[in-house]
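**Q** sequence and computational prediction follow.
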Amino acid sequence: MKLGLIGVRSCGKTTIFNALTNGPTPQNSQAKARHVLNRIFIPVSDSRIDQLARVYQPKKTTYASIELVDFPDFLEKGPGMGENVAEIVLQMKTTDGLAVVLRNFDNELGEPIHPLKDLEKIEAELQLNDLIMVENRLARIEWSRQRGKMTSEIEREENILRILAEHLGNSHPIREIKLSVEEQKLLRGFQFLSQKPLMIILNSDETRFNKSGHFFEQLNLKGNSVEFSGKFEMELVALTDIEEARLFMADLGIEMSARERLTQIAYKTLGLISFFTVGPDEVRAWTIHQGDTAIEAARVIHSDLARGFIRAACFAYSDLTNLGSEKKIREKGLLRLEGKDYIVPDGTVMEIKFNV
């Protein structure tokens with residue numbers, strides 16, 4: 001899964017990225033001039049994987065991960081940015097969700113702190129990009145109508161696009177519209193930015209951290225929110241003494257690392273769950289969406305498994321922890337053979353039976 005990190009100028013976005021990277025991100029002048037995007041893969045901490053590794057003693061243990069991409073501020077169309085805005089937006093479209101960083105600290109310019117206004121500014125830009133795309137497509141549809149090239153599918157597309165145009169024109173993101181499965185399929189190729197799930201990172205300084213309840217109440221109405229103290233947490237990851245780091249975290253009231261908090265809210269925002277494959281060679285976590293079927297889970301592992309899918313042998317991680325071994329799970333009749341339409345619950349241990 002890919003998450004895009006975005007924000008207005010001087011929001012501390014790069015500081016947040018560095019805190020998640022476990023160190024400063026090197027940027028040479030040539031890379032900056034070309035607007036090369038920094039990206040990292042953040043492992044998803046999961047005690048279930050640790051326990052499965054203890055049971056199966058595999059040669060390799062692989063955690064699920066989230067790809068985080070640090071996007072430049074495309075709202076500030078400064079020198080050299082104009083010709084790159086389209087490319088940046090295009091790459092943003094490939095993300096599964098967006099994480100907006102909002103400033104809650106004093107900056108060197110002495111600008112007022114307005115997280116909600118910053119969020120509105122970003123949302124407005126995302127909606128404007130979508131509205132331009134919708135209007136351009138409607139213009140092409142009208143061109144097709146004038147030349148007698150309309151089809152029933154294009155008419156259905158036109159109907160939903162006109163609804164989107166009205167919605168966007170009234171300053172509402174597309175994600176607020178309840179779309180049918182068919183409508184989602186018609187719109188899939190557009191990859192609208194304001195349709196993407198949105199999570200919010202409030203970046204506070206140490207004096208404001210855990211003291212922004214009034215902001216949080218309003219931010220949570222806009223999307224799932226989490227608070228970071230970016231500068232403090234960037235310094236925290238540089239500490240080599242783990243116990244010292246824990247003491248500093250306790251002083252500020254931080255219970256989990258920035259990575260753990262980010263992955264938790266990302267899973268919640270994107271509607272993700274994990275299933276596991278186990279064996280002597282590897283214990284591995286895989287990421288799918290809530291409601292995905294066994295064949296969709298198989299496809300995440302490899303397209304051949306989906307193509308030749310026969311059955312999925314499944315048991316619950318909780319049954320393994322309760323009984324202590326896979327052998328006892330089999331003896332209790334808790335190992336199930338499920339078909340391709342089986343909805344995979346979070347924490348399922350699966351083996352795909354297939355034939356290609």
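**A** Looks like it came in fine.

**Q** poorly predicted segments of the stretch 51-200 of the chain, please.
**A** For the stretch 51-200 of the chain, the stretches with pLDDT under 70 are 74-83.

**Q** which residues of it fall in strands?
**A** 60-62, 65-70, 97-104, 198-204 (DSSP state E, counting those that start in this stretch).

**Q** ok, and for the shortest one, which residues are buried?
**A** Of the residues in strand 60-62, those with enough neighbours to count as buried (16 or more other C-beta atoms under 10 Å) are Thr61. For the C-beta atoms, the positions are set from N, CA and C on the backbone; glycine is no exception.

**Q** now stretch 340-356
**A** Buried-residue list, stretch 340-356, by 16+ other C-beta under 10 Å: 342, 344, 347-350, 352, 354.

**Q** what's the closest of those to Phe209?
**A** Relative to Phe209, the closest of these is Gly347; by C-beta to C-beta it sits at 32.6 Å.

**Q** would you mind measuring from that closest one to Asp251?
**A** Look at Gly347 and Asp251: by C-beta to C-beta, to the nearest Å, they are 34 Å apart.

**Q** returning to what we had before: can you put the strands of the stretch 51-200 of the chain in JSON lines and add distance to Ser180?
**A** Formatted as JSON lines, the strands of the stretch 51-200 of the chain follow (distance: least, C-beta to C-beta, whole Å):
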{"stretch": "strand 60-62", "distance to Ser180": "37"}
{"stretch": "strand 65-70", "distance to Ser180": "29"}
{"stretch": "strand 97-104", "distance to Ser180": "21"}
{"stretch": "strand 198-204", "distance to Ser180": "22"}
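
**Q** which one of those strands lies closest to Gly223?
**A** That would be strand 198-204 among the strands of the stretch 51-200 of the chain, by C-beta to C-beta, at 4.2 Å.

**Q** angle of that closest one against strand 97-104?
**A** 20 degrees (axes from the mean of the first three to the mean of the last three C-alpha atoms, to 10 degrees).

**Q** centre of the chain to the helix or strand just after strand 198-204, how far?
**A** Once strand 198-204 ends, the next helix or strand along the chain (criterion: DSSP states H and E) is helix 213-219. A distance of 22 Å separates the centroid of the chain from that of helix 213-219, by C-alpha atoms, centre = their mean, to the nearest Å.

**Q** for the next helix or strand after helix 213-219, what is the average pLDDT?
**A** Using DSSP H and E, the helix or strand that follows helix 213-219 in sequence is strand 224-228. Per-residue pLDDT over strand 224-228 has a mean of 90.

**Q** try stretch 238-253
**A** 76.

**Q** run through who's touching it.
**A** 23, 206, 209-210, 229, 232, 236, 255 (C-beta atoms under 8 Å, 6 or more residues apart in numbering).

**Q** isn't there a helix covering Ile42?
**A** No - when classified by DSSP: H, G, I helix; E, B strand; the rest coil, Ile42 is found to be strand rather than part of a helix.

**Q** how about it: what's its closest non-neighbour residue?
**A** Spatial nearest neighbour of Ile42, chain neighbours left out: Ile66 (5.0 Å); criterion: C-beta to C-beta, 6 or more residues apart in numbering.

**Q** go ahead and confirm the one you found touches Val44.
**A** Yes - here Ile66 reaches Val44: they are 6.5 Å apart, a contact under C-beta atoms under 8 Å.

**Q** give me the common contacts of the two.
**A** By C-beta under 8 Å, 6+ apart, the residues touching both Ile66 and Val44 are 263, 287.
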